[in-house]
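Participant: When you get a sec, could you give me coordinates for this:
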Amino acid sequence: MISAGLDVARINFSHGEAEQHRRRAKLLRDAALECGRDVGVMGDLQGPKIRIRRFKDHSAVLNDGANFFLDSALGGDDGTAEGVGVALDTLHEDVVAGDALLLNDGLIELAVERIEKTRIHTKVTMGGILSDHKGVNKKGGGLSAAALTDIDRDNIKLAADLEMDFLAVSFVCSGDDIDEARQLFQAAGGKGLIVAKVERAEAVENIDSIIAAADVVMVARGDLGVEMGYAELTGIQKSLIRKTLKGSKIVITATQMMESMIQSPIPTRAEVSDVANAVMDGTDAVMLSGETAVGKYPVQAVRAMSEVCTGAEKYPLPEGTTRHRMGDYFEHVDEAIAMAVMYTANHLNVKAIIALTESGSTARWMSRIRSDIPIYAFTPYAATSRRVALYRGVYPVAFEPEETTRKELYASIFKTLLSHKLVEVDDLVIFTKGDLEGVSGSTNAMKILKVKAAD
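Facilitator: Predicted coordinates:
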C-alpha cells in the first residue's frame, strides 16, 4: 500500500486493544522505512458513538409499522423485537415526540411517539434486521453526548506514547472540543496535529470555531450524511472544503469513497467521479476506510485512488489560478513569504519550490494555493516529514543543512534535487529559508535560483 501511494495510515481506536495498536504502528513504520518513505500515523478516537446494547438472540427483525422502544435502563443483553437498551443515559432527554431516530447508519428509521422516564416509545417507519451494538443518530442532530469519553482520554495518552503524527477527534461539536483534546494530548507529550472530524449537525453549525481551533478538518461523511440527510451532503462537503481552505487549514474527505472495492478489484464510475470531484474542489487528502481495513483488494484500492487523484489534478480550476487571500493582510512573516512564492511560481517558468523548513508551516501556507508546481519540504526532522505528507502538493525530502556558506548550501540543495531526479540542470527553482536556525516559523526570505551541476 505504501508503494502504491499511501501517505498517512489511520489506526482506529474503536477496534482493538492497546497492544494491537502498538504492533500496527510498529509494522507501519517498519514498512515505511523499508520503502524509503515518510508515512504519517493518525490515531482516531472512537468518541461518543451512541449505540444500542445487545439482543438476547444477537439481532431482531423490526417490521414496518411495529412498535419499538429504546431504553437506557434496560439490561445490556435483554433486547428483543419489542425494544433494546441504548448506551446513552441522557437519550430520553434529547428527543421529543415527532423526532426521527436513525439506526445502523440510517438503514432503520424510528419515529418517536412518546417518552416515559428513560423509555423512548417509537414506531418503525423503515424496518429491517437490527443487530447488536449498531449506531444511533438523531435526524438533524441534537444529541448531547460529550466529544471525549474516558476511553478517549486513555487513548490520547496512548497516541502520545506512540508519537502519532495526527490525533483525530470524533463527533466534535465546537472548537472547545478541539481545545480540550489538544490540551490533553500535549500534556501527555503529544506533538502531532489535531484533526477535527465533522460528523455532527452541530459541527456544521459551529464550523468556524472548529476550523480556527483545529489543524486539520475531516469531512466524515458517514454519520454526517445520516444526521444531515444525503441530499444535503454534497453541498455541505463542498462548503466545508471551501471554508477550511479559506482558513488556511488542511482538509480530508472521507467515508465510502471506493466502498465497492471492499469486494471488487476496480472502482465504480460513480466512485471515480466522487474522488475526482473532491480533488478538484481542493481537498488535501482522500481517505479509504473499509476498503483497506477489511477489504479484499487494499493495494488495488490505494493504487486506484492515487491514479484518480493524479488524473483529476491535470485539470485546472474553472476560474484559473486561484486568488486565495489576495486581499488579506498576513499575521506571520512566513505566511507572507509563502504567498509571495506561490504568486511568483504561478507567473514564472519555475520547476520546483524548495522550502527549507523545521515545522513545515511554510510548506503548509504554500499548499493552500493551487499550483501544478511541486513543493519540496527539505527538513532534518522525520516528524515534520510525516506531517507534511498530508499537505496537498508537498513532498518531504530528508535534508540536514551542514554547510557554512550560501554557495555551499545552494550546491547541496542542487545535488539533492538532481540525485532524486526532481529537476534538471538550468531549471529555475524558488527557495525559501529563515535566518534563525532552530526557530520554528522563522522563514523570512525567498530566492529564485538556477540549478547548477555539481562541481
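Participant: Pairing partners for the closest residue to F166 other than its chain neighbours in the sheet, please.
Facilitator: The shortest distance from F166 to any non-neighbouring residue, by CB to CB, 6 or more residues apart in numbering, is to M42 (3.9 Å). Heads up, the C-betas are built off the backbone N, CA and C, glycines and all. With DSSP bridges applied, M42 shows beta-bridge pairing to R10, F166.
Participant: Quick check: M42 touching L6?
Facilitator: No. With contact defined as CB atoms under 8 Å, M42 does not reach L6; the gap is 11.7 Å.
Participant: could I get the one helix or strand in the chain whose mean pLDDT sits lowest in CSV with only the CA atoms?
Facilitator: The weakest-scoring helix or strand in the chain, judged by mean pLDDT, DSSP states H and E, is helix 333-345 (a mean of 84). Extracted C-alpha coordinates of helix 333-345, given in CSV (Å, rounded to 0.1, in the frame of the first residue of the first chain):
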residue,chain,number,x,y,z
VAL,A,333,6.2,36.6,8.1
ASP,A,334,6.5,33.0,6.9
GLU,A,335,2.9,33.2,5.7
ALA,A,336,3.6,36.3,3.6
ILE,A,337,6.7,34.7,2.1
ALA,A,338,4.7,31.7,1.2
MET,A,339,2.0,33.7,-0.6
ALA,A,340,4.8,35.7,-2.5
VAL,A,341,6.4,32.4,-3.5
MET,A,342,3.2,30.9,-4.9
TYR,A,343,2.3,34.1,-6.8
THR,A,344,5.7,34.1,-8.3
ALA,A,345,5.6,30.4,-9.1
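Participant: all helices for the stretch 301-450 of the chain, in order.
Facilitator: Along the stretch 301-450 of the chain, the segments classed as helices by DSSP state H, counting those that start in this stretch run 333-345, 361-367, 382-388, 406-419.
Participant: all strands in the stretch 51-200 of the chain, in order from the N-terminus.
Facilitator: 59-62, 67-71, 83-85, 100-103, 108-116, 119-126, 128-131, 136-138, 166-169, 193-198 (DSSP state E, counting those that start in this stretch).
Participant: re the thing from before, contacts only, for the residue nearest to F166.
Facilitator: Residues near M42 by CB atoms under 8 Å, 6 or more residues apart in numbering: 8-11, 164-168, 195.
Participant: What distance do you get for S412 to F431?
Facilitator: Separation of S412 from F431 (CB to CB, to the nearest Å): 12 Å.
Participant: quick one: which of those two has more around it?
Facilitator: F431 (20 against 17; other CB atoms under 10 Å).
Participant: and this protein, what are its domains?
Facilitator: Annotated domains of the chain cover 8-47+146-255, 59-138, 333-450 [automatic domain parsing].
Participant: any chance of those domains in a markdown table, with distance to V272 too?
Facilitator: Listed next are the domains of the chain as a markdown table, based on distance: least, CB to CB, whole Å:
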| stretch | distance to V272 |
| --- | --- |
| domain 8-47+146-255 | 14 |
| domain 59-138 | 23 |
| domain 333-450 | 19 |
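Participant: Among these, which comes closest to A301?
Facilitator: A301 lies closest to domain 8-47+146-255 among the domains of the chain, at 13.3 Å (CB to CB).
Participant: excluding its backbone neighbours, what's nearest S209?
Facilitator: G175 (3.5 Å).
Participant: Neighbour-wise, which one of the contacts of M42 leads?
Facilitator: With neighbours taken as other CB under 10 Å, the top of the contacts of M42 is A168, carrying 29 neighbours.
Participant: How much space separates that one from R303?
Facilitator: 24 Å.
Participant: Now do the SS call for M218.
Facilitator: strand (DSSP: H, G, I helix; E, B strand; the rest coil).
Participant: So it is in contact with A168, correct?
Facilitator: Yes. Using CB under 8 Å, M218 is in contact with A168, at 6.4 Å.
Participant: tell me, what's touching these two both at once?
Facilitator: With contacts taken as CB under 8 Å, 6+ apart, M218 and A168 have 195, 197 as neighbours in common.
Participant: Just the endpoints, please. Distance across stretch 339-351?
Facilitator: This stretch, stretch 339-351, spans 17 Å end to end (CA to CA, to the nearest Å).
Participant: For it, buried residues please.
Facilitator: Residues of stretch 339-351 classed as buried by neighbour count (16 or more other CB atoms under 10 Å): 339, 341-343, 345-346, 350-351.
Participant: As CSV, the residues you listed with distance to P396 would be great.
Facilitator: Shown next, in CSV, are the buried residues of stretch 339-351 (distance: CB to CB, whole Å):
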residue, distance to P396
M339, 21
V341, 17
M342, 19
Y343, 24
A345, 19
N346, 22
V350, 19
K351, 18
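Participant: Under the pLDDT cut-off, which ranges of the stretch 251-400 of the chain? List them.
Facilitator: 316-329 (pLDDT under 70).
Participant: Can you tell me the SS state at V275?
Facilitator: helix.
Participant: Not counting sequence-adjacent ones, nearest residue to it?
Facilitator: Going by CB to CB, 6+ apart, V275 has V308 as its nearest residue, at 4.6 Å.
Participant: Tell me which residues touch that neighbour, please.
Facilitator: V308 touches 267, 272, 275-276, 279, counting by CB under 8 Å, 6+ apart.
Participant: residue boundaries of the helices in the stretch 101-250 of the chain?
Facilitator: Along the stretch 101-250 of the chain, counting by DSSP H, counting those that start in this stretch, helices occupy 150-161, 175-187, 201-205, 207-213, 221-228, 230-246.
Participant: Surely T292 touches V302?
Facilitator: Yes. Under the criterion of CB under 8 Å, T292 makes contact with V302 at 6.6 Å.
Participant: anything in contact with each of the two?
Facilitator: By CB under 8 Å, 6+ apart, T292 and V302 have these common neighbours: M1.
Participant: Could you check how many residues crowd around R53?
Facilitator: There are 19 residues near R53, going by other CB under 10 Å.
Participant: ditto for the one 4 residues further on
Facilitator: Close neighbours of D57, defined as other CB under 10 Å, add up to 11.
Participant: any idea how far D105 is from it?
Facilitator: Taking CB to CB, one finds D57 at 22 Å from D105.
Participant: quick one on the thing from earlier: show me what the least confident helix or strand of the chain packs onto, helices and strands only.
Facilitator: Judged by 3 or more CB pairs under 8 Å, 6 or more residues apart in numbering; DSSP states H and E, the packing partners of helix 333-345 are strand 352-356, helix 361-367, strand 428-434, strand 443-450.
Participant: Kind regards, and thank you for your time.
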